[in-house]
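Student: sequence-free structure coming up:
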């Protein structure tokens, strides 16, 4: 549940900048609010509002046409990306996390790190206070330049928990879904306990991690005989790792196999039908290979998985794909 | 069937421009050739090739990241759009049209215009000669600045046949599918005979025109009570009619109803789910409302249809939506 759309703050900004046209960009789960918010801003702000209807999964994915101001809801800025004429409205959750934290106490070790998805970042500090009152030592890691707040994680960036992993026995993650905590567990090697205010439950990520690793192992094994790889590059500002694509292509070709680069805005299974390749390596959003693999007709793997397939990395060194802050364009 | 991918011409251009990176853009039906063409250009041209995998339905839809050169296959340039660093490879069909023209003779009147889709534009001149030998007077219209060749039509532009419509009794269209000839019939009010080399048949567009008109009439009638309209704007270079969107919005609001503008790259039904509107007015590609309407959950209409719904145009003045050349950005 969203506490505050910050309409007054947006109106103030529209007035200050003397905007004529404003573009709204909302993440998938909030698009049903778009018409209401657009009409309210138009009426109160005397401004032309355009709603971006392309899918949006993060601050990596900023709509190109900004008008005089892009109002981007639901994500924090990625500090290393240009943010001129963009207003980020982060939309925190107002769900009460304390009953779950209370429950979590019996499962927590003495030294923990706290992480959170963006809508629960404001909960990190109160959670720290609560745990410390209960005798638990709490660490909050600073992320790299892709991360706006200490303790914040993205599906593609676990630099905040990694920064403190060596000092803690366990990580407590506040957020919905399993992908973020799964990535934290992979990146740090630590146990991750999830506090999920939406489902109103606490749960462990251990079993899921094992099942995903088995799944990835099976996909990687299947690709032993693959001879042609499609490399999927995103044209989105925060995802277009051309440099990494070139490295993957070099590696494929050094191993005597073929690679073809594909550029896409939104990756979608139907756009990849009909290409004569055995598998795809996605250097776009790291979630695509892991979260969406079942909807693609051909195997989709990450760059680190491609290294394993091509014999340049050992299975024992399996790692999630991450996009670091500065240098991710390289 | 495609006669010639003009590989040597592309290689010459790559060499002349000293390209390092080349982007290939292919229409949907030719994407299965992408890997083969990409590898051939890489091997012979010593160049990095990137295949654009986003859907592409026309020269209105040029990929933003061009590398040093964008090679755009299957469409002619739209003369009024900037074409720096773009090489258009038009890919003509090599199917023999003469047996069909022979068959068409008995169905043709004395004064006809010839039109063609881009892959049959080279057939216009031989067809003219053949018909004239058989006593038929042939007219070829010049299109506006969106049209590269006399007689050429797009799904969104029938300026070439319109230019000569008053001088002819009938139009002979060379091409596949029904959308182009349907548009020609709507734009000119003339009978259209289709010479379809792919299906190897000649056919009339009359019945289809009547059935589409009945369908559109039904959709328009259903929208009498609609109170909120979403206006769909494309961000593609040749489709982004912001000025028209603003006009439609004004009209909607003058009639005391609500309008919300939506900006999209690729229109797709799943991107429009969940928005609280009664119907969409598409100012993007005119085909979307007519060709794809069945896959959308809510009615999608064209700007001219919106005028009928809103009482600003009579049903008797029904017209297909077209995108004229210069000024289409207005």
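Tutor: Arrived safely. Since this is a predicted model, take the numbers as computed values, not measurements.

Student: use CA for all of it now, contacts and neighbours both
Tutor: Noted.

Student: Please enumerate the helices of chain A.
Tutor: With DSSP state H as the criterion, chain A has helices at A:7-17, A:34-45, A:98-104, A:124-133, A:159-164, A:179-188, A:206-222, A:242-254, A:287-291, A:303-309.

Student: rank these by pLDDT, which is bottom?
Tutor: Of all the helices of chain A, mean pLDDT reaches its minimum on helix A:287-291 (a mean of 91).

Student: Quick one: list the elements packing against that helix.
Tutor: strand A:300-301 (3 or more CA pairs under 8 Å, 6 or more residues apart in numbering or on different chains; DSSP states H and E).

Student: and the strand it packs on with chain B, contact?
Tutor: No. Against chain B, strand A:300-301 shows no contacts by CA under 8 Å from any CA of the partner chain, the least distance being 15.2 Å.

Student: which residues are in contact with that strand?
Tutor: Here strand A:300-301 makes contact (CA atoms under 8 Å, 6 or more residues apart in numbering or on different chains) with A:220, A:279-282, A:288-290, A:293.

Student: now the helices of chain A in CSV, with mean neighbour count and distance to residue B:154?
Tutor: Formatted as CSV, the helices of chain A follow (neighbours: other CA atoms under 10 Å in any protein chain shown; distance: least, CA to CA, whole Å):
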stretch, mean neighbour count, distance to residue B:154
helix A:7-17, 15, 40
helix A:34-45, 17, 34
helix A:98-104, 15, 61
helix A:124-133, 16, 57
helix A:159-164, 24, 51
helix A:179-188, 23, 45
helix A:206-222, 14, 44
helix A:242-254, 18, 35
helix A:287-291, 18, 36
helix A:303-309, 23, 41
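
Student: Ok, which of the ones you listed comes nearest residue B:323?
Tutor: Residue B:323 sits nearest to helix A:34-45 of all the helices of chain A, at 27.5 Å, using CA to CA.

Student: so the residue lying closest to residue A:282 once chain neighbours are set aside bridges to which residues?
Tutor: The shortest distance from residue A:282 to any non-neighbouring residue, by CA to CA, 6 or more residues apart in numbering or on different chains, is to residue A:232 (4.6 Å). Residue A:232 forms beta bridges with residue A:262, residue A:282, as assigned by DSSP bridges.

Student: got the contact list for residue A:232?
Tutor: By CA under 8 Å, 6+ apart, the contact list for residue A:232 reads A:245, A:261-264, A:280-284.

Student: Chain neighbours aside, what residue packs nearest to the residue lying farthest from the centre of chain A?
Tutor: Farthest-out residue of chain A from its mean C-alpha position, per CA atoms, centre = their mean: residue A:46, at 34.6 Å. Once flanking residues are discounted, residue A:46 sits nearest to residue A:20: 8.0 Å by CA to CA, 6+ apart.

Student: That neighbour is in contact with residue A:50, isn't it?
Tutor: No. With contact defined as CA atoms under 8 Å, residue A:20 does not count as touching residue A:50 (10.9 Å).

Student: Please identify which of those two sits among more neighbours.
Tutor: Relative neighbour count places residue A:50 above the other of residue A:20 and residue A:50, with 26 against 15, counting by other CA atoms under 10 Å in any protein chain shown.

Student: my guess is residue A:121 meets residue A:149, correct?
Tutor: Yes. With contact defined as CA under 8 Å, residue A:121 reaches residue A:149; the gap is 7.5 Å.

Student: Just checking the distance from the worst-scoring helix or strand of chain A on mean pLDDT to the centre of its chain.
Tutor: Least confident element among the helices and strands of chain A, by mean pLDDT, DSSP states H and E: helix A:287-291 (a mean of 91). Distance of helix A:287-291 from the chain centroid (CA atoms, centre = their mean, to the nearest Å) equals 11 Å.

Student: cool, and stretch A:249-260?
Tutor: 28 Å.

Student: Give me the residues contacting that stretch.
Tutor: For stretch A:249-260, contacts defined as CA under 8 Å, 6+ apart pick out A:227-231, A:261, A:307, A:310, B:35, B:38-39, B:49-51.

Student: Stretch A:185-200 now?
Tutor: Stretch A:185-200 has contacts (CA under 8 Å, 6+ apart) with A:95-97, A:100-101, A:104, A:158, A:161-162, A:165, A:169-177, A:181-182, A:184, A:201-206, A:209, A:319-320.

Student: Okay, domains of chain A per the record?
Tutor: As assigned by automatic domain parsing, chain A contains the domains A:7-89, A:98-204, A:210-317.

Student: Select, out of those, the one closest to residue B:78.
Tutor: Comparison of the domains of chain A against residue B:78 by CA to CA identifies domain A:7-89 as nearest, at 22.1 Å.

Student: Name the residues of the stretch 51-200 of chain A found near chain B, please.
Tutor: Counting by CA under 8 Å from any CA, the stretch 51-200 of chain A comes close to chain B at A:51-55, A:65.

Student: Now for residue A:22: which residues touch it?
Tutor: By CA under 8 Å, 6+ apart, residue A:22 lies in contact with A:47-50, A:66-71.

Student: Could you check how far residue A:140 is from residue A:325?
Tutor: 18 Å (CA to CA, to the nearest Å).

Student: higher neighbour count, the two?
Tutor: Between residue A:140 and residue A:325, counted using other CA under 10 Å, the more crowded position is residue A:140 (22 against 19).

Student: First-to-last residue distance for stretch A:48-62?
Tutor: End residues of stretch A:48-62 are separated by 19 Å (CA to CA).
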